[in-house]
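Asks: structure for this input, please:
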Amino acid sequence: HWDGSRMKVWKWAQEYTLADHFFMGAFGGSYLNHQWLVCACTPVFPDAPAALRPQLEADGTLKKRPGSPASVMNGPVQVFDGSVSPDGYTVNTSQPPYQPSGTPPAPGGNLDLADPAKNPVPPQTAKTVGDTLSAKGVSWAWYGGGWNAALADGRRAPEERRGVIYSMTEGKLGFQPHHQPFNYYARFAPGTADRAEHLKDYDDFVAAIDAGRLPAVSFYKPVGKLTQHPSYTDLAQGDAHVDELLQRLKRSPLWPRMAVIVTYDENGGYWDHLPPPKGDRWGPGTRIPALLIGPHVKRGHIDSTPYDTTSILKFITQRFGLEPLPGVREKMGDLTNALDFRP
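Replies: Residues are numbered from 1 along each chain as shown. Just a heads-up that it's a prediction; the model follows:
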């Protein structure tokens, strides 16, 4: 067991509400669960080349990569698992079609786009919570840590070395393009009014907090070095960052009317003893931490209502009277059991 009692976010959990039956929306990693946060869906790539799909042995098991041991008892087993399912769903880390992307622009091509010859995910058209919020006239934004720096980095000529996107060396931001789900959607393509209005940088976020001008719904994703991700960052930096941000929100003139949800995209690879509730093909997956914080949230409370990532969408949909997204799970709670009043 990991003792987190000395961490700053632990103190917030003690003061407000900890949801201890909150599960990640999808069986998968960061890429897939960010998508489930905004659309409760799995992006499609129906014409994906064979190289992106899993490779199977005659008995139906995944082929092992050359040099991979026969058993995990002898080291990490590497397999040809692919990023796209046999029926055309992007299930593992896949790159957006627009910059900032892990796929550079094409030589001599449009610097705003990922090189189509390298098979980024095609622009998606599924309905997202951004669509339903905009249709209702509700203000919203997605704030990405390092967004502006990564955008400039992504627009470098393909032969130039990048220093922000997936750059994990000490002192680098380590921006993760697959943590930016709206950048996969045609509605938010470069040059569109929706992109300019809704996809913003962390600096825009803190300025809006301090000025009391946050939109009605704000999503915020820290830059890679602050995500507490195994192997390329640590717990302490992310813990301090979330604490500082929560303190800033509490000082905001908007605090009296605010509810904050702090959660994770996936479980970070740690084993968890609580089995997920029965769901569908895509999830729910492993349990993840989730805190609800704000003046209208129950104090010192443990909420054991079954929730998953789509519960956030369910809450937003109920609060603002939006069109429901079809992938939101009917049996998962809507987070209102953690509140002192119903929205």
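
Asks: ramachandran angles for Phe23?
Replies: Torsion angles at Phe23 (phi, psi; degrees, to the nearest 10) stand at phi -120, psi 150.

Asks: offset the numbering so it begins at 53, please.
Replies: All right, first residue 53 from here; so that's Phe75.

Asks: can you give me the neighbour number for it?
Replies: Look at Phe75: counted by other CB atoms under 10 Å, it has 28 neighbours. C-beta here means a position set from N, CA and C on the backbone, and glycine is covered the same way.

Asks: is it in a bridge, and if so with what?
Replies: On the basis of DSSP bridges, Phe75 takes part in beta bridges with Arg339, Asp360.

Asks: contacting residues for it?
Replies: Residues counted as contacts of Phe75 (CB atoms under 8 Å, 6 or more residues apart in numbering) are Pro328, Pro329, Gly335, Pro336, Gly337, Thr338, Arg339, Ile340, Pro358, Tyr359, Asp360, Thr361.

Asks: what's the first-to-last distance across stretch 135-146?
Replies: For stretch 135-146, the separation between the terminal residues is 7 Å (CA to CA, to the nearest Å).

Asks: what residues sit buried inside that stretch?
Replies: Taking 16 or more other CB atoms under 10 Å as the neighbour-count basis, stretch 135-146 is seen to contain the buried residues Ser135, Val136, Ser137, Tyr141, Thr142, Val143, Asn144, Thr145, Ser146.

Asks: circling back: export the contacts of Phe75 to CSV and tack on distance to Ala110?
Replies: Compiled in CSV, the contacts of Phe75 are given as follows (distance: CB to CB, whole Å):
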residue, distance to Ala110
Pro328, 32
Pro329, 35
Gly335, 30
Pro336, 33
Gly337, 30
Thr338, 31
Arg339, 36
Ile340, 37
Pro358, 40
Tyr359, 42
Asp360, 36
Thr361, 37
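
Asks: closest to Phe234 among the residues you listed?
Replies: Using CB to CB, Thr361 is the member of these that lies nearest Phe234, at 15.5 Å.

Asks: what's the distance between that closest one and Trp88?
Replies: To Trp88, Thr361 is 5 Å away according to CB to CB, to the nearest Å.

Asks: just Asn235 next, same as before
Replies: If you go by CB to CB, the gap between Asn235 and Trp88 works out to 16 Å.

Asks: same question, Leu114
Replies: To Trp88, Leu114 is 24 Å away according to CB to CB.

Asks: ok, the two, which is more surrounded?
Replies: Between Leu114 and Trp88, Trp88 has the larger neighbour count (other CB under 10 Å), namely 27 against 15.

Asks: what number of residues lie near the closest residue in space to that one that isn't next to it in sequence?
Replies: Across the structure, with CB to CB, 6 or more residues apart in numbering as the measure, the residue nearest Trp88 apart from its sequence neighbours is Gly77 (3.4 Å). By other CB under 10 Å, the residues close to Gly77 number 32.
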